[in-house]
Each structure stands twice: as structure tokens, then as C-alpha cells.
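A.B. asks: Turn this into a model:
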Amino acid sequence: MKIQNANTRQSIGWCVEAHDLAASKLVAFRDKDRDFVRVLLAEQLIEAPKLLRRLGQLPRDEAFRDRLIQWVKRTVTELE
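C.D. replies: Just a heads-up that it's a prediction; the model follows:
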């Protein structure tokens, strides 16, 4: 969602849905991004099944998507 008004001095702010943000962080796959998503999962700010669905919808090659999906599954198992 785009936020832009007098309160933002007409600057644009984007409010990204948490699962979409997590998926985009995993696409970058930097250490800090994986740590961020791990915290989102650990604190139950996002749901693993919903994140897995989002990752499955990425317009990337299947091997890349599978790598991200496996990372999420391993991380969820580690957090249990």
C-alpha cells in the first residue's frame, strides 16, 4: 500500500505485507535477511505455510524456489 500525504511531506512510504517482505528478503538470501526472516518466524509474526505459498509463486526458476522452500522448512524445524 502506498502512503503519501501532507503528514509524510508528500514523500512516499510503502507498507509491505509481512509475508511478501519475508519472501523478498529470502530472494536476496543475505545472512542479515535470513536472520530477519528467522526472527519473523520465531516470533510468529509470519506463518510458515503462507510464506511457503508465497515462495512457490515467485517468478524464478524451480531450483531457486526449492532452495528457499527447503531453507524455510529447515528453519521451522530448528525453531520447534
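
A.B. asks: tell me which element the most centrally placed residue in the chain falls in.
C.D. replies: In the chain, the residue lying closest to the centroid (Cα atoms, centre = their mean) is residue 22, at 0.9 Å. Per DSSP states H and E: residue 22 is located in helix 18-28.

A.B. asks: Quick one: residues in contact with the helix or strand hosting residue 67.
C.D. replies: Element membership for residue 67 (DSSP H and E) is helix 62-79. Applying Cβ atoms under 8 Å, 6 or more residues apart in numbering, the external contacts of helix 62-79 come out as 23, 26-27, 29, 34, 37-38, 41-42, 48, 51-52, 55-56, 58. For every residue, glycine as well, the C-beta is placed using N, CA and C.

A.B. asks: Can you mark which positions in that helix are buried?
C.D. replies: 65, 68, 69, 71, 72, 75, 76 (16 or more other Cβ atoms under 10 Å).

A.B. asks: now swap in stretch 23-39 and tell me
C.D. replies: Neighbour counts over stretch 23-39 (16+ other Cβ under 10 Å) mark 23, 25, 26, 33, 34, 36, 37, 38 as buried.

A.B. asks: Tell me the gap between it and the middle of its chain.
C.D. replies: Distance of stretch 23-39 from its chain centroid, counting by Cα atoms, centre = their mean, to the nearest Å, is 7 Å.

A.B. asks: Compute the first-to-last residue distance for that stretch.
C.D. replies: 14 Å (Cα to Cα, to the nearest Å).

A.B. asks: on that earlier part again, helix 18-28 and the helix holding residue 67, what's the angle between them?
C.D. replies: 110 degrees (axes from the mean of the first three to the mean of the last three Cα atoms, to 10 degrees).
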